[in-house]
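>>> Predicted model and sequence follow; I will ask about them next.
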Amino acid sequence: MKEPFWVGKRLYFRRLRKTDLRGLYFQWFNDQEVTRFMYNGIFPNSMKRMREFYSEVEAGKHVVFAICDKRGDRHLGNIGIHRINWRDGIGEYGIIIGDKRYHGKGYGEEATRMVLDYIFGRVGLRRVWLGVHAGHGRAVAIYKKIGFRTEGRLRKEILTDGRWHDRLVMGIFKDEYLGKR
């Protein structure tokens, strides 16, 4: 493990590095299969956009980690809490498993639990929310399994494959999450 910060069973989180921007991370946002259910990937990725996001992370506007496989120190995705409202203890969850070799094998669920353990146990936020494409059944099922609840539905919010789809708003409170652990 290289510079581990938060360690799980198969994964560890480390700081996002500037050198990551030039690696596979850049291309994840150009891969239509990876971004199918995301707002990213609508337009070609640019280094300028990547640098701007990295600058925001460095400035503390987001809590973002590189997700790495413990076995080979492979950077397989990113996870973070965005739009943090420190006064009210609320943040928006986001994840990308960009390396398709890790899709469908439980890595997203493990990383989600790890970031919730961190954000609720170490940082002290009280609520995390997310928006998810209603048609992304695998993600919705994982979030429900972890304890997220559907709080709303934004009808015809997302254009995918030429059709409009709903976006679910889901949330979880610290006590709900810790109660399920």
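Received the coordinates, thanks.
>>> residue ranges for the strands of the chain, please.
6-7, 11-15, 63-69, 74-85, 90-97, 127-133, 149-160, 163-173 (DSSP state E).
>>> Any chance of these in CSV with distance to Tyr118 and mean neighbour count as columns?
For the C-beta atoms, the positions are set from N, CA and C on the backbone; glycine is no exception. Listed next are the strands of the chain as CSV, based on distance: least, Cβ to Cβ, whole Å; neighbours: other Cβ atoms under 10 Å:
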stretch, distance to Tyr118, mean neighbour count
strand 6-7, 5, 16
strand 11-15, 8, 20
strand 63-69, 8, 22
strand 74-85, 9, 19
strand 90-97, 11, 19
strand 127-133, 11, 20
strand 149-160, 21, 13
strand 163-173, 14, 17
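>>> for the ones you listed, which one sits closest to Phe43?
Nearest to Phe43, of all the strands of the chain, is strand 149-160, at 13.1 Å by Cβ to Cβ.
>>> Tell me how many other residues surround the closest residue to Asn45 other than its chain neighbours.
Distance criterion Cβ to Cβ, 6 or more residues apart in numbering; nearest residue to Asn45, sequence neighbours excluded, is Phe29 at 4.1 Å. A count of nearby residues for Phe29, using other Cβ atoms under 10 Å, gives 20.
>>> Met38 now?
18.
>>> Skip the chain neighbours and tell me the closest residue to it.
Nearest one to Met38, counting by Cβ to Cβ, 6+ apart, is Ile96 at 7.3 Å.
>>> picking that back up, could I get the phi/psi values of the residue nearest to Asn45?
Phe29 adopts backbone torsions of phi -80, psi 0, taken as degrees, to the nearest 10.
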